[in-house]
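1. below are the sequence and a predicted model; questions follow.
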Amino acid sequence: MTAARYNKIKVPSAYQMVAEAIEREIMSGRLRPGDQVGTEAELVRQFGVNRSTVREGIRLLEQSGLVQREAGRKLHVCPPRYRNLSSRMSRALVLGQVTFREVFDATLVLEIMSVEAAIDHATDSHIKALEANQRSAESEIDHADPSRIAQLDTDFHALLARASGNRVLELAREPSALLIFPTSELICRRVPEGAGRMIRAHRELIDALRARDKTRAATWMKRHVEDWKKGFERAGRDMDEPVERVIERLAPAALF
């Protein structure tokens, strides 16, 4: 017998085809957030399939956050759930056995891009939100709650990315941010000056934002991210180990 030359053809299930057809309408813009997709009965009639097939297709779309049921069992299109997408991308990074050095390198680029864009686009409301976050962080420093400080750090960077005015950039940094959160908590727990240095950097970044000083902002962001790397190593972790090993021990449910 000759060796197999061809792979078996995988034919999509009917419910997958239903989900893909509706998703194409959404991604093309023909169905927009808030638009009704239809009832199950209407979709059964239009696709010419049975109700269980439609239900399975809708279940896939609900899991991906593209559609949601409303009163009367009608379905409507949802705005994208960026957090769900980021979580899946973060899990992909974990499964791909990326290292924290790779996460650090990417984070350094993305965070500097975020703060430089924020210098050009941040509004007064963006700066007020950052100031509120800073006040919360400063009030927590004496309590030394690592989880709270780490969460405020995560929120600070998310607010800064929002101030960039670039939604692609805002979304691009989210997967790595989910991986960094548990390590920031570790640093605050094991490195005595870790939380204080984190909060000091945030103050400098806000001041640079107010002054619209792009050079100062980029310099402090680089210092801030490099501080995270130093703190991570001082906490006894290896930058070249896969993120999976650290995440499983520190926060096994952080990506779900």
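-> Okay, I see it. No experiment lies behind these values; they were computed from the predicted model shown.
2. contacts, neighbours, all on C-alpha from now
-> Will do.
3. what comes into contact with the helix or strand that residue 162 is a member of?
-> Using DSSP states H and E, residue 162 maps to helix 146-163. Helix 146-163 has contacts (CA atoms under 8 Å, 6 or more residues apart in numbering) with 111, 114-115, 117-118, 121-123, 126, 129-130, 133-134, 136-137, 140-141, 169-170, 174, 177, 181-182, 184-186, 188-189, 195, 198, 202.
4. tell me where the chain has helices.
-> Along the chain, the stretches classed as helices by DSSP state H are 14-28, 40-47, 51-63, 82-95, 100-121, 124-140, 146-163, 167-172, 174-190, 194-211, 214-234, 243-250.
5. mind putting those in a markdown table, distance to residue 7 and mean pLDDT included?
-> Compiled in a markdown table, these are given as follows (distance: least, CA to CA, whole Å; pLDDT from 0 to 100):
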| stretch | distance to residue 7 | mean pLDDT |
| --- | --- | --- |
| helix 14-28 | 21 | 87 |
| helix 40-47 | 30 | 92 |
| helix 51-63 | 26 | 89 |
| helix 82-95 | 25 | 62 |
| helix 100-121 | 34 | 95 |
| helix 124-140 | 53 | 94 |
| helix 146-163 | 44 | 92 |
| helix 167-172 | 35 | 89 |
| helix 174-190 | 34 | 84 |
| helix 194-211 | 53 | 96 |
| helix 214-234 | 45 | 95 |
| helix 243-250 | 32 | 61 |
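6. how about these in a markdown table, adding distance to residue 75?
-> A markdown table is the format used below for the helices of the chain (distance: least, CA to CA, whole Å):
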| stretch | distance to residue 75 |
| --- | --- |
| helix 14-28 | 11 |
| helix 40-47 | 8 |
| helix 51-63 | 9 |
| helix 82-95 | 19 |
| helix 100-121 | 36 |
| helix 124-140 | 34 |
| helix 146-163 | 30 |
| helix 167-172 | 26 |
| helix 174-190 | 28 |
| helix 194-211 | 43 |
| helix 214-234 | 43 |
| helix 243-250 | 37 |
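7. to residue 69, which of those lies closest?
-> Evaluated over those, closeness to residue 69 peaks at helix 51-63, with 8.5 Å, by CA to CA.
8. which residues touch that closest one?
-> 14-19, 23, 40-41, 43-44, 67-68.
9. also stretch 132-139?
-> Counting contacts by CA under 8 Å, 6+ apart, the residues outside stretch 132-139 that touch it are 149, 152, 155, 156, 199, 202, 203.
10. and it, what's buried?
-> Within stretch 132-139, the residues that count as buried by 16 or more other CA atoms under 10 Å are 133, 134, 137, 138.
11. ok, now how distant is the second one from residue 44?
-> Residue 134 sits 53 Å away from residue 44, taking CA to CA, to the nearest Å as the criterion.
12. what's the local residue count around residue 179?
-> Neighbourhood size, residue 179 [other CA atoms under 10 Å]: 24.
13. and if you look at residue 230?
-> Residues lying near residue 230 (other CA under 10 Å) number 15.
14. please shift the residue numbers so they start at 46 in all later answers.
-> OK, 46 is where the count begins now, so the last one is residue 275.
15. sorry, back to before: PyMOL command for the buried members of the contacts of helix 96-108?
-> Only the buried entries of the contacts of helix 96-108 go into this PyMOL selection, using 16+ other CA under 10 Å:
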select buried, resi 59+60+61+62+63+64+68+85+88+89+112+113
